[in-house]
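Q: sequence first, then the predicted structure, then my questions.
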Amino acid sequence: MRPYVLTGGRVPDDDDVRLDTLVHAAAAADHAPSLSTEQRAILAGLAGSYLTVAEVASQLRLPLGVAQVLVADLVRLGALRVHDAGLPSLDPSGGGASQEERYLVLDVLESLYDGISSL
């Protein structure tokens, strides 16, 4: 099916969730009659787990933009909850993150770089 059919012609905008945003299914609610097949599949795929929007798109083999729009719709309906802690700032002037948090983020990024380099 064409992406514009799945989203009703809508595209992701600034109000939609980011691709790295963690989401999980909210407590059981009766949204089923108003949901599309794809939205029901998103809720089923998230049963008891946390996934990023990009992982949701991958699991359902949807284009990233389509997944963003559908997940944002589910968030607005209250069927999904968002966990978007964000990364601490790496600004050395102290922009809200402790020295330990900055080192942790840099350590994770270095490990990621090493893993990718070894491929």
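A: Cool, the structure landed.

Q: flag every buried residue along the top helix by length along the chain.
A: Longest helix in the chain by number of residues (criterion: DSSP state H): helix 99-117. Residues of helix 99-117 classed as buried: Arg102 (neighbour count, 16 or more other Cβ atoms under 10 Å). All C-beta spots, glycine's among them, are computed from the backbone N, C-alpha and C.

Q: give the rounded mean pLDDT of it.
A: For helix 99-117, mean pLDDT rounds to 78.

Q: do the same with stretch 26-41
A: Taken as a whole, stretch 26-41 has an average pLDDT of 75.

Q: need phi/psi at His24.
A: Dihedral angles of His24 (phi, psi; degrees, to the nearest 10) stand at phi -150, psi 160.

Q: show me what it is bridged to.
A: Applying DSSP bridges to His24 gives these bridge partners: Arg81.

Q: the protein: helices as residue ranges?
A: Under DSSP H, the chain gives helices at 3-7, 37-45, 53-60, 64-77, 99-117.

Q: send the alpha carbons of the longest helix of the chain over as CSV?
A: C-alpha atoms of helix 99-117 as CSV (Å, rounded to 0.1, in the frame of the first residue of the first chain):
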residue,chain,number,x,y,z
GLN,A,99,30.8,15.5,34.2
GLU,A,100,30.0,11.8,34.8
GLU,A,101,27.0,12.0,32.4
ARG,A,102,29.2,13.6,29.7
TYR,A,103,31.8,10.9,30.1
LEU,A,104,29.1,8.2,29.9
VAL,A,105,27.7,9.6,26.7
LEU,A,106,31.2,9.9,25.2
ASP,A,107,32.0,6.3,26.3
VAL,A,108,28.9,5.0,24.6
LEU,A,109,29.6,6.9,21.4
GLU,A,110,33.2,5.6,21.4
SER,A,111,32.0,2.0,21.8
LEU,A,112,29.5,2.5,19.0
TYR,A,113,32.2,4.0,16.8
ASP,A,114,34.5,1.0,17.5
GLY,A,115,31.8,-1.5,16.8
ILE,A,116,30.9,0.1,13.5
SER,A,117,34.6,0.4,12.6
